[in-house]
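> structure for the following, please:
(chains A and B)
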Amino acid sequence: MQNRRPAFWFSSGIGLLLLCLLANLSVGSVWIPFGEIVGRFFGHPFSKESWETIFISYRIPKAFTAIIAGIGLSWSGLQMQTFFRNPLAGPYVLGISSGAGLGVAVLLMAATAFGFSIGTSGFGTWSVVIAASIGAIGVLLLVSLVAWRVRDSMTLLIVGLMFGSAVSALVAVLSYFSDAEQLKLFTIWSMGSLGATQDAQLPAMGTAVVIGSIPLLLHIKGYNAMLMGENYAASMGIRIQNLRWAMILSTGILAGSVTAFCGPIAFIGIAVPHMARLVFKTADHRVLFPASALIGAIALLVCDGISQLPGSALTLPINAVTSLVGAPMVIWLILRRNFSREF
Amino acid sequence: MSYFRAAMTILKGSNLKIGYGSGLNAKAVADGLNFSLGKGSLTCILGPNGVGKSTLIKTIMGQMPPLDGEIFLDEKQLQSYSQQDIAKKIAVVLTDKVRGGNLSVYQLVSLGRIPHTGWLGSLSQRDQEAVEKAISATQINYIRALPISEISDGQLQKVMIARALAQESDVIILDEPTAHLDLVNRIEIMQMLRELAHRERKAVLVVTHDLEIAIQTADIFWLMQCGSPLVSGSPEDMILDGQINLLFPNERFQFDRKLGKVVAQERQKMAEVFAPAEWKIWIELAWKKHLGTFDIPDGEIHVQTNPTRLTWKEGTLSAEFDSLSGLIDYLKSTFSTDKHSP
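The predicted model follows:
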């Protein structure tokens, strides 16, 4: 309203997103040239038939998984940072991803124990989403219960780390008592992958992220009020309890469902909101939510492109790449600007 | 006059009991509070720490239920309001630190419109006018584009007041708005609050410990003291009838009506002073500060101005000094008893 900054950055961001999408679709063990991909979008068939299969059944789902996961993780990170007024809050740091992991582990173990199988069927997909979300929401409930009693952001962070460790330990205990088959399933899941979503899974993940963003959209004004802290927000008629539940449900479903499909992915949730604040120079959540979605999608597309190790047949786990890129970025953000002035 | 004031009452408390918890666990902080807050005047709450001022504010804001008694906001029971309706009637400036470095002054002020806007919080023409009005009333137009991390504490406090104004409430409550500010800013903020109360017909309620500035600016004082009811009246009346001394339960400190400030009441006799009136006041204050515990024989202090010359006469002895501190130092070193110089 006072400047044209957001409009400029949104249009260049969308341009960059399309470019990254194109690049992401072209790299991998098989290189598909840009021109061919652009041509394919306009209805020209590929010059090699094998590309069609790779493109439709592998590259396209993977790219859109990256976009959806980037949006979901960034939105959960932004909500947590504003609600807890803590610049270092994020689904991975506060143990939310571990909670989702515990949910999935319990489900996998229970599946074998009760003799049903978690396949790629609709039931299996949704049960994993629901288990991961319940796990994530459970940890969030505990963390915010502590945050309610101790209003100190450093304590909150430590408590989040402790919950994360405790939950990981529970998962370790579960794996110790499980047989090889379950263990393999869980280990593959926990390494994280954007390429594991097929058929029914991508629409399911999209639906879960849409459901998870509803509470967020309903409370954008509340998040803006929270910039001034709980007491001021309450004095302006914001019902903090409602906002707390919205934050817990939305973050739990977003981070939980993304983690269910892609495994734990570090640093996107914590770093992307800061990049959005840095680029768009605003604290207004009406700008920050779309901006974080845009940057989150770009970030995960780029990380996925890197993980394909262009020019080789190898693929790195996505979690390793986001950590390698994200950890230095968070350190740089901390060194570059005084976080304590931000929150 | 009393009818006039009653017609402007916006907030009323009757037999209010405030505190924490509920039922058997309830812990009352203050009891039997009766008050009425008028539009168009600046009211200051004064009282020692822990007497329940902050609890009273939270109760008035509707964030804590009263343990007993009733609060009426615009002639309706406070409990019948929703949180959002209270927000349209009462705005606050709290002691909470506001950070959010990316927030600009304009954005922070426009957050005050939250109770009036739709679900996205977009500002209508009407909302923008209210924000502009608040910005010009607090004279912060020149910093409107700056991020709040780059403005001074005094400027930030004005921005917070502007945000409260933008809320367009009848009542504005401020919790120690001048704490941590320098003297000029403290006076400026309180004067601004006084002008806003009068010009915009707001009921402005300020919790403060700054007695001297409060005397200069407030229309009404509410005095709170542990174990006694809330007393209200104009600051001048309270000084003249001695009620102001409710603030000082310790008899050593009393409000000096002539000096207009709080002074330690030492029973120590002091020398007879022959000097111009303003000299007399400061010699007395310096004597109380420095020589309260000294055993000094009866003497006289004579002051000549142009050039400054102070003479200490005690019996046949006489000593001359060219400054007050010189005289004080002389008396200190001459009459110090053994217990002061081990």
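> from what I can see B:Thr59 touches B:Ile71, true?
Yes. Contact criterion C-beta atoms under 8 Å: B:Thr59 and B:Ile71 qualify, at 7.0 Å. No exception for glycine: its C-beta is placed from N, CA and C like everyone else's.
> show me where chain B dips below the pLDDT cut-off.
Scanning chain B for pLDDT under 70 picks out B:1-7, B:100-101, B:265-268, B:337-342.
> mind checking the longest helix of it?
Here the longest helix in chain B is taken by residue count, with DSSP state H as the criterion, and it is helix B:183-199.
> so what's residue 179 up against?
By default, I'm working from chain A. A:Thr112 (C-beta atoms under 8 Å, 6 or more residues apart in numbering or on different chains).
> to clarify, I was referring to chain B.
B:Ala179 makes contact with B:Thr95, B:His209 under the criterion C-beta under 8 Å, 6+ apart.
> tell me the SS of it?
For B:Ala179, the secondary-structure state derived from DSSP: H, G, I helix; E, B strand; the rest coil is coil.
> what's the separation between it and chain A?
16 Å (C-beta to the nearest C-beta, to the nearest Å).
> tell me how many other residues surround B:Asn15.
B:Asn15 has 12 neighbours, counted by other C-beta atoms under 10 Å in any protein chain shown.
> so it sits in a helix?
No. With three-state DSSP as the criterion, B:Asn15 is located in strand rather than a helix.
> hmm, it is touching B:Ile71, no?
No. With contact defined as C-beta under 8 Å, B:Asn15 does not reach B:Ile71; the gap is 10.5 Å.
> the stretch 51-200 of chain B against chain A: which residues are in contact?
Within the stretch 51-200 of chain B, the residues that sit near chain A (C-beta under 8 Å from any C-beta of the partner chain) are B:61, B:63, B:82-88, B:90-92, B:94, B:96-104, B:106-108, B:111-112, B:114-115, B:117, B:119-123, B:145, B:149, B:167.
> same thing but at 7 Å, please
Taking C-beta under 7 Å from any C-beta of the partner chain as the criterion, the neighbours of chain A within the stretch 51-200 of chain B are B:61, B:63, B:83-84, B:87, B:92, B:94, B:96, B:98-103, B:106-107, B:111, B:114-115, B:117, B:119-121, B:149.
> what does the model give the residue of the stretch 101-250 of chain A found nearest chain B for pLDDT?
With distances taken as C-beta to the nearest C-beta, the stretch 101-250 of chain A approaches chain B most closely at A:Gly237, which sits 3.4 Å away. As summarised for this prediction, A:Gly237 has a pLDDT of 92.
> how close does it sit to A:Gly195?
To A:Gly195, A:Gly237 is 47 Å away according to C-beta to C-beta, to the nearest Å.
> neighbour-wise, which of these two wins?
A direct count of neighbours by other C-beta under 10 Å for A:Gly237 and A:Gly195 places A:Gly237 higher, at 21 against 18.
> ok, the closest residue to chain A within the stretch 151-300 of chain B - how many residues close by?
With distances taken as C-beta to the nearest C-beta, the stretch 151-300 of chain B approaches chain A most closely at B:Gln167, which sits 7.0 Å away. As a burial measure, the neighbour count of B:Gln167 was computed by other C-beta under 10 Å and equals 25.
> OK, contacts around it?
For B:Gln167, the contact set (C-beta atoms under 7 Å, 6 or more residues apart in numbering or on different chains) comprises B:Ala87, B:Ala91, B:Gly112, B:Pro115.
> just give me the closest of those residues to B:Phe253.
For the contacts of B:Gln167, the residue nearest B:Phe253 by C-beta to C-beta is B:Ala91; the value is 34.8 Å.
> quick check: that closest one touching B:Ala166?
No. At 8.3 Å, B:Ala91 does not count as touching B:Ala166 under the criterion of C-beta atoms under 7 Å.
> overlap in contacts of the two?
B:Gly112.
> nearest residue to the middle of chain A?
Averaging the C-alpha coordinates of chain A gives a centre point, and the residue nearest to it by C-alpha atoms, centre = their mean is A:Leu73 (2.2 Å).
> quick one: the most centrally placed residue in chain B and B:Met64, what's the gap?
The centre of chain B sits closest to B:Thr208, judged by C-alpha atoms, centre = their mean, with a distance of 2.7 Å. B:Thr208 is 21 Å from B:Met64, where distance means C-beta to C-beta.
> now stretch A:300-310: buried residues?
Buried residues in stretch A:300-310, counting neighbours by 16 or more other C-beta atoms under 10 Å in any protein chain shown, are found at A:Leu300, A:Leu301, A:Val302, A:Cys303, A:Asp304, A:Gly305, A:Ile306, A:Ser307, A:Gln308.
> how about these in TSV, adding pLDDT and distance to chain B?
Written out in TSV, the entries for those read as follows (pLDDT from 0 to 100; distance: C-beta to the nearest C-beta, whole Å):
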residue	pLDDT	distance to chain B
A:Leu300	94	24
A:Leu301	94	26
A:Val302	94	24
A:Cys303	93	26
A:Asp304	92	29
A:Gly305	91	30
A:Ile306	91	29
A:Ser307	89	32
A:Gln308	86	35
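> columns secondary structure and distance to A:Ala246 on top of the residues you listed, output as TSV?
Rendered in TSV, the data for the buried residues of stretch A:300-310 read as follows (DSSP: H, G, I helix; E, B strand; the rest coil; distance: C-beta to C-beta, whole Å):
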residue	secondary structure	distance to A:Ala246
A:Leu300	helix	24
A:Leu301	helix	28
A:Val302	helix	30
A:Cys303	helix	29
A:Asp304	helix	30
A:Gly305	helix	34
A:Ile306	helix	34
A:Ser307	helix	33
A:Gln308	coil	37
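> and the helices in the stretch 51-200 of chain A?
Listed in chain order, the helices of the stretch 51-200 of chain A (DSSP state H, counting those that start in this stretch) span residues A:60-83, A:96-114, A:122-149, A:153-176, A:180-191.
> ranking the ones you listed by burial, who's on top?
Neighbour counts averaged per stretch over these are highest for helix A:60-83, at a mean of 27; criterion: mean count of other C-beta atoms under 10 Å in any protein chain shown.
> before we move on, the earlier item: just the buried residues of the residues of the stretch 51-200 of chain B next to chain A.
Buried among these (16+ other C-beta under 10 Å): B:61, B:83, B:87, B:92, B:94, B:98-103, B:106-107, B:111, B:114-115, B:117, B:121, B:149.
> elements contacting the longest helix of chain B?
strand B:41-46, helix B:153-166, strand B:203-207, helix B:211-217 (3 or more C-beta pairs under 7 Å, 6 or more residues apart in numbering or on different chains; DSSP states H and E).
> tell me the buried residues in it?
The neighbour-count criterion (16+ other C-beta under 10 Å) identifies B:Asn185, B:Arg186, B:Ile187, B:Glu188, B:Ile189, B:Met190, B:Met192, B:Leu193, B:Arg194, B:Leu196, B:Ala197 as the buried residues of helix B:183-199.
> would you map out the domains in chain B?
Residue ranges for the structural domains of chain B, counted by the TED database, are given in the record as B:9-262, B:272-335.
> alright, that wraps it up for me.
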